[in-house]
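> Provided below for reference: sequence and predicted model.
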Amino acid sequence: MNIRENIRRIRESKGLKQQVISDALGSDPAVASNIENGKREIKVSELEKIAQALDEDVLYLFTYPERFVNANTLESYSQKKVSITFEVSPDIRDELLKIVAQK
């Protein structure tokens, strides 16, 4: 499973509509559908909002259906690429780029 499937399954298990996620993100109703179907990236800043809308911890979005990290959870994510998007000010961006560029 992946986080998109987990979000959908958690939402459905609670009998919630996608509108709950769209409302939490302050976005168009199609955004939740696009997130769950992999047509739109999930921003880090949105994970907390989605978790709150589902009344869950952010970690649970990754580990569902388990409430903790275990070997199976880690294994399922270790073979996949993960991209994270951060929105930062230009001065912080420059500092982060310096850190990432160091080898």
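Received it, and whenever you're ready, just let me know what you need.
> Name the nearest residue to residue 8, sequence neighbours excluded.
Nearest non-adjacent residue to residue 8, counting by Cβ to Cβ, 6 or more residues apart in numbering: residue 36, 4.4 Å away. Where C-beta positions appear, they are placed from N, C-alpha and C, glycine not excepted.
> residue contacts, that neighbour?
By Cβ atoms under 8 Å, 6 or more residues apart in numbering, the residues touching residue 36 are 4, 5, 7, 8, 18.
> what about it, distance to residue 28?
Per Cβ to Cβ, to the nearest Å, residue 36 is found 14 Å from residue 28.
> and what of residue 51?
From residue 51 to residue 28 the distance is 20 Å (Cβ to Cβ).
> do residue 64 as well
25 Å.
> if you count what's nearby, which of those two comes out ahead?
residue 64 (20 against 10; other Cβ atoms under 10 Å).
> Leaving out the residues flanking it, which one is nearest to that one?
Residue 64 sits nearest to residue 6 (Cβ to Cβ, 6+ apart), 4.0 Å away.
> How confident is the prediction for that neighbour, by pLDDT?
Listed pLDDT for residue 6 reads 93.
> element containing it, please.
helix 3-13 (DSSP states H and E).
> quick one: average confidence on the following helix or strand past that helix?
As assigned by DSSP H and E, the chain's next helix or strand after helix 3-13 is helix 18-25. The pLDDT scores in helix 18-25 average 96.
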